[in-house]
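Chemist: My questions are about this predicted structure, shown below with the sequence.
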Amino acid sequence: MLNDLGEPPVFDLSDLPLINAYSDAEQWQRTVASILPTREFRNLYVHPLRSGNGIEQFILWVKEEVKPEDHHEERESFLILEGECECQIGTEKIRLSAGDYVDIPLDTEHMVRVLSPKPVKAIIQRVK
């Protein structure tokens, strides 16, 4: 019976929801499918989706790595749409692939290393 309902509709790009552990990566992927990098890039490419009211969301493509960083005033989370990577959060290493969500605690150093042959594509969210 639930199969009769079909796929959830795409999100309105002018009114995106916050991502969380229950976010539907396939729905997000369909929503941003037409957005592609507009130029060649060596390692990182960022496409902004939303900025305002203390919330930033963007699509990030990563070919190799995201160098270590931490955030002191904004909480960062991401939802993987394509590819596979290893994320080190503090001393913990986790492997992420399409559909996985991670929330980075404040003041915690984290880095990402791409494991797949194709770039990782993710929705990144920062909330102040």
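Modeler: Good, I have the coordinates.
Chemist: How is Q29 assigned, secondary-structure-wise?
Modeler: Following DSSP: H, G, I helix; E, B strand; the rest coil, the label given to Q29 is helix.
Chemist: Would you agree it is in contact with I80?
Modeler: No: the criterion here is CB atoms under 8 Å, and Q29 misses it with I80 at 10.1 Å. Heads up, the C-betas are built off the backbone N, CA and C, glycines and all.
Chemist: wait, R50 sits on E56?
Modeler: Yes: at 6.7 Å, R50 and E56 qualify as touching, with contact defined as CB under 8 Å.
Chemist: Overlap in contacts, the two.
Modeler: Residues touching both R50 and E56 (CB atoms under 8 Å, 6 or more residues apart in numbering): there are none.
Chemist: remind me which residues of this protein are low pLDDT?
Modeler: Low-confidence segments of the chain, defined by pLDDT under 70: 1-5.
Chemist: can you give me the strands for it?
Modeler: 44-52, 55-62, 65-69, 75-82, 84-89, 92-97, 101-104, 110-114, 120-127 (DSSP state E).
Chemist: In JSON lines: those, plus mean neighbour count and distance to I19.
Modeler: Below are the strands of the chain laid out as JSON lines (neighbours: other CB atoms under 10 Å; distance: least, CB to CB, whole Å):
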{"stretch": "strand 44-52", "mean neighbour count": "13", "distance to I19": "11"}
{"stretch": "strand 55-62", "mean neighbour count": "18", "distance to I19": "8"}
{"stretch": "strand 65-69", "mean neighbour count": "13", "distance to I19": "17"}
{"stretch": "strand 75-82", "mean neighbour count": "20", "distance to I19": "5"}
{"stretch": "strand 84-89", "mean neighbour count": "17", "distance to I19": "15"}
{"stretch": "strand 92-97", "mean neighbour count": "13", "distance to I19": "13"}
{"stretch": "strand 101-104", "mean neighbour count": "17", "distance to I19": "7"}
{"stretch": "strand 110-114", "mean neighbour count": "18", "distance to I19": "16"}
{"stretch": "strand 120-127", "mean neighbour count": "22", "distance to I19": "5"}
